[in-house]
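**Student:** Take this sequence and fold it.
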Amino acid sequence: VAWGEPTMVQAEKMLFAAALEDPANQRFVLLSDSCVPLYNFSYTYTYLMGSPKSIVDSFTDKTEKRYNPNMSPVIRKDKWRKGSQWVMLIRKHAEVVVGDKHVFQVFRKHCKMVVTNALLGQKLVNARRLGFVFRRKQILKGAAQEEHDCIPDEHYVQTLFSVRLVIVDKYFGF
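**Tutor:** Modelled structure (predicted):
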């Protein structure tokens, strides 16, 4: 996987799919090194296992710099969401994430991080060490090119549930 690329979401989907193979697994948690819970393991475990609902940080991305209009009609602008990678899903919601093909395909095609010279501060060597993957077309000049700078793992689960909200509400009690 590479940070800022759809491969991160693909890996998350694969982790959920592997965890779903065990029927004893009822909660599915993704944590980020920058979003670790402030409580100890025992408290966090008890809280998450006792929650009857999924926990997903989701809000409307008002900056509009990451939404790509080419995502429409599958992902309309009013359904575009952002949030942290930290999520806890109940089993049925993890199944929705694993089973999704349409929204993920749109993300693979249109949600990619744009690496600019301004973002890198002209330090390509350090950026490569941090995990950035470069393609000649990604290194762009000018603010106009940053318009659709999309970080998939900050948008995918949130947007998927926003797009599927009616279905999720009806069948899964989200």
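**Student:** Name the surrounding residues that touch the host helix or strand of Leu15.
**Tutor:** Taking DSSP states H and E as the definition, Leu15 sits inside helix 6-20. By C-beta atoms under 8 Å, 6 or more residues apart in numbering, the residues outside helix 6-20 that reach it are 1-2, 25, 28, 30, 89, 91, 94-95, 97-98, 100, 104, 107-108, 111-112, 152-153, 156-157. Every residue, glycine included, has its C-beta placed from N, CA and C.
**Student:** What of stretch 103-113?
**Tutor:** 3-6, 9-10, 13, 66, 68, 70-71, 74-75, 138, 148-152, 155-156, 159-160, 163-164.
**Student:** Of these, which belong to helices?
**Tutor:** The members of those that map onto helices under DSSP state H are Pro6, Val9, Gln10, Lys13, Tyr156, Thr159, Leu160, Val163.
**Student:** Show me which of those is closest to Lys62.
**Tutor:** Thr159 (14.6 Å; C-beta to C-beta).
**Student:** And that closest one, how close does it get to Lys53?
**Tutor:** 19 Å (C-beta to C-beta, to the nearest Å).
**Student:** again with Val74
**Tutor:** 26 Å.
**Student:** Tell me which of the two has more neighbours.
**Tutor:** Val74 (15 against 12; other C-beta atoms under 10 Å).
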